[in-house]
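**Q** Show me how the following folds:
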Amino acid sequence: MTEKATVVRAVRDTRHEVAPDASASLEETRLHVRIAEPKAKVMLLPGRFRDAAYVQRHVSYVVAMDAERGEQHVRRNLNAIRRTLDEMGVDPVVADREVRSIEARVRAELWRQILTPDGQP
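**A** Model prediction:
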């Protein structure tokens, strides 16, 4: 028997094993599928999703823009962070808290750089 004939025969035999019997009832031929609930959760360490270096780089970029464009940029980045946290499966309450924390740090750094552009306290 050739290799091709062997493969054809294996496929045919498998179809017969998997295909429902003509005499089987509709209920017997339905697949019974149960979707399991996820067991793992993504846990964030507070204030660690975006570090201080990210905040400083982000604000340095925003300060160079006019106020309206800078605000739009901050909003877009916060929305992108929120989407990322949602995609990761982070609890919505934790994600909200983390986004608010990042926004607070960005706004504090923004005011620091505006009020003390040379970096002196």
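**Q** Which secondary structure element is home to residue 58?
**A** Element membership for residue 58 (DSSP states H and E) is helix 52-63.
**Q** Mind picking out the helix or strand in the chain with the poorest mean pLDDT?
**A** Ranked by mean pLDDT, DSSP states H and E, the weakest helix or strand in the chain is helix 26-29, scoring a mean of 53.
**Q** what's the pLDDT at the closest residue to residue 85 other than its chain neighbours?
**A** Once its chain neighbours are removed from consideration, residue 85 has its nearest residue in residue 95; the separation is 4.0 Å (Cβ to Cβ, 6 or more residues apart in numbering). Where you see a C-beta, it was placed from the backbone N, CA and C, and this is true even at glycine. Residue 95 is assigned a pLDDT of 88 by the prediction.
**Q** Distance of residue 95 relative to residue 111?
**A** Residue 95 sits 25 Å away from residue 111, going by Cβ to Cβ, to the nearest Å.
**Q** So those two - more neighbours on which side?
**A** residue 95 (21 against 11; other Cβ atoms under 10 Å).
**Q** Distance of that one relative to residue 9?
**A** Residue 95 is 54 Å from residue 9, where distance means Cβ to Cβ.
**Q** now swap in residue 88 and tell me
**A** In this structure, residue 88 and residue 9 are separated by 47 Å, where distance is defined by Cβ to Cβ.
**Q** about what we covered before: where does the residue nearest to residue 85 fall, secondary structure wise?
**A** Counting by DSSP H and E, residue 95 is part of helix 92-115.
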